[in-house]
Structures are given as structure tokens and as C-alpha cells.
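Chemist: Fold the following for me, if possible:
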Amino acid sequence: MSSFRAKSVVFLGLGLISGSLALALRASGWQGSLRAWGPREASLLRGVKLSVIDGYTLDLEEAIDGAEVIVVGAPPMASGDLLAEILPKLTALESPSVITDMASIKGWVVERAGSEYPRFVPGHPIAGLEHSGVESAQATLFAGREVILTPLENTEREAVETVAAMWRAAGSRITTMSVDDHDAALAASSHSPHLLAYALTNALADDPLDPMRHGGGALRDMTRIAGSDPVMWRDVALTNGAAINAALSRVEAEIAELKGWVADRDSDALERYFGRCKEVRRRHDRILNPVLDDALAQEILAQEVASDPSEEQGGES
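Modeler: Residues are numbered from 1 along each chain as shown. Purely as a prediction, here's the structure:
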């Protein structure tokens, strides 16, 4: 049975990530109510038909009234706008909700929210697919995956514990860090790889030899994430630009060095470089390429972790 004790969760926006969280909570044995709000009824209705959620409303104030936990599941800019609109409303409620978001940018979202609401816990699950929409939701999407929480100075401890318990019920492991550290780390680990995938895809798109037709596993793996949601990645680029450009500049420097060794036919330098990169990648296989069979996934989903989320600073190595 899940250690997540809230009796109701409301999703503001229902897509791949929020739908997967809903399915994971059900798979954990949690018995509460799952409802959603969104601007388009079609996706909400699909969520009910697929048994992802129990019900929905198109009225935002109705959605948040009485919800114990609210999860904002929207692209970064829309998340910031939603938070700016509803946090003042939550402050006025008799029983204020715990609220968290799932945007991959924290600084811009927190700044746009513009509130000292003490039960807001900024968050970011490090999981996803190149597909979008609630119909792609998977109960095991978060099994063994990291969720980063970035509580603010005024965030209540109980609110952090509630959000951490929710994500643990979904099978995730929790890391806490500052907003600034999150955005810098994710620019390097997620945002710049996505932009590099887009750049590689576009570089090949108009090549007269049509290299995409002759691609194998390398091209498949390197361009897979170029099939991701363009709106979300537009928002990421616009809201974390300085950190992304810093990360891309580091990659540009590496590419320049590689080009020099290739031009000079420097066999020793190339072999040393490739060897070091292989060692670094293999060292992180457990995180970047986890192999989870069904039994292990279910074990992780059912796992209860008793440690204090405010003290968890690092991930697996």
C-alpha cells in the first residue's frame, strides 16, 4: 500500500506525464480520487475512457476547490501562467492545497508564479517519451527514475513530504536541489541534448543524399528525441536560454577539438578521447539505460522509502 496519504489529486493539464503519474498512483495501490482540468475537453474525455482519471471539469475554480494535491501538467510557459493565476486563489481557500508542477524549467516558472504561497513545491520528473498525449501514458514511466524537487525558502516541510510521497508511490527516487542548480544541470543533461538532436535532424533533412533513409541504430538513437513536442521545447529554449547556450558552447568546443584531430589524422588523440567517453558513459549505464523487467518495475512501484526527502541531495552513480 502506498505511503501517499492524500485523498484527492487534481491534474491541471492531462497528457503523457500527468497521465502516467495517474496510472502509476493507481498501480501503487493508492485509492484516492483522480480528476483533471484542461482547456480541451477531448483529451480529458480520453483520459476517462482510458481509465486514467475518474472525472474532469472545464471550470478551473471548481477543479482546485477542495483538492488536497494539485499537479500542474503543462509546458513551462503555460505552467507559469497557471500558477500565477491560481496561487492567489489557493491562499484564500479554507483548506489550501499542496501544489506542484512538472515543468523542466524551474527559475522562469517560479518567477512567473510570483507568489509566496508556502505549499507550492516546484518539481520536475526526469522521464518521458518522444510521444505525447494521454493515450501514450504508462504506469511504469517513472519506475526507478529521478524526480527533482526544488522547494523554496518558505516552502512548508509537510508540503515537500507530501509531494515526495506521491512521486515515491509512482516508483521514483527523489533528489532536492536549488532552482538555479536544477536549471543549470538540466541545460547540460537534457536541454542541450534535445537541441543537438534537432540540429542533427535538420542538418540531414535537406541533404541530397537523403542520409535519413540509410540510418541505423546510431541515427535512430541520436534523433529519437527530435520527435518530441515542439511547443514544450520552444518554451524550454526561451525560458532557460543562458544556461542552454553555455552548455552548447561547451559541446561546440568539444566538436572543434574533434574536428582538429580528424583533420590532423591524430590517431592517439582520437582513441584516447573515444576511450574516455566510453568509460564515462558506461559508468552511468545504471541511470541512463536501466533495464527494468515487469517484476522489478512492480517492486519499485510498491516500494516505500522512509528517509527524509529534504536530506536527499544526490542520485545514483
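Chemist: alpha carbons only for contacts and neighbour counts from here, please
Modeler: Noted.
Chemist: Provide a list of residues in contact with Tyr117.
Modeler: Leu87, Pro88, Thr91, Asn154, Thr155 (CA atoms under 8 Å, 6 or more residues apart in numbering).
Chemist: Give me the buried subset of the residues you listed.
Modeler: Buried residues within the contacts of Tyr117, counting neighbours by 16 or more other CA atoms under 10 Å: Leu87, Thr91, Thr155.
Chemist: ok, back up a step: among the contacts of Tyr117, which one lies nearest to Pro76?
Modeler: Leu87 (16.1 Å; CA to CA).
Chemist: Let me have the contacts of Tyr117 in a markdown table, adding distance to Ile99 as columns.
Modeler: Formatted as a markdown table, the contacts of Tyr117 follow (distance: CA to CA, whole Å):
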| residue | distance to Ile99 |
| --- | --- |
| Leu87 | 9 |
| Pro88 | 12 |
| Thr91 | 11 |
| Asn154 | 14 |
| Thr155 | 11 |
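Chemist: out of those residues, which are inside helices?
Modeler: The subset of the contacts of Tyr117 located in helices under the criterion DSSP state H comprises Leu87, Pro88, Thr91.
Chemist: would you turn the residues you listed into TSV with pLDDT?
Modeler: Shown next, in TSV, are the ones in helices among the contacts of Tyr117 (pLDDT from 0 to 100):
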residue	pLDDT
Leu87	95
Pro88	93
Thr91	88
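Chemist: and Ser249, how many neighbours does it have?
Modeler: When counting by other CA atoms under 10 Å, one arrives at 13 neighbours for Ser249.
Chemist: likewise the one 5 residues further on?
Modeler: Using other CA under 10 Å, Glu254 has 12 neighbouring residues.
Chemist: I'd like the buried ones among the contacts of Tyr117 laid out as TSV, including distance to Gly241.
Modeler: Formatted as TSV, these follow (distance: CA to CA, whole Å):
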residue	distance to Gly241
Leu87	26
Thr91	32
Thr155	27
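Chemist: Tell me the one of those residues nearest Ala113?
Modeler: Nearest to Ala113 out of the buried ones among the contacts of Tyr117 is Leu87 (CA to CA; 7.6 Å).
Chemist: Residues touching the longest helix along the chain, excluding its own?
Modeler: When the chain is parsed with DSSP H, its longest helix is helix 241-264. Under the contact criterion CA under 8 Å, 6+ apart, helix 241-264 has outside partners Asp183, Ala184, Ala187, Ala188, His191, Ser192, Ala237, Ser267, Ala269, Leu270.
Chemist: Among the residues you listed, name the buried ones.
Modeler: Buried residues within these, defined by neighbour count using 16+ other CA under 10 Å: Asp183, Ala184, Ala187, Ala188, His191, Ser192, Ala237.
Chemist: Leaving out chain neighbours, which residue sits closest to the fifth one?
Modeler: In this case it means His191. Excluding its sequence neighbours, the residue lying closest to His191 (CA to CA, 6 or more residues apart in numbering) is Ile244, at 6.5 Å.
Chemist: Leu50 too?
Modeler: Residue nearest to Leu50 in three dimensions, not counting chain neighbours: Glu135, with 7.6 Å by CA to CA, 6+ apart.
Chemist: What count of nearby residues applies to that neighbour?
Modeler: Glu135: 18 surrounding residues under other CA under 10 Å.
Chemist: That's all I had, so thanks and see you.
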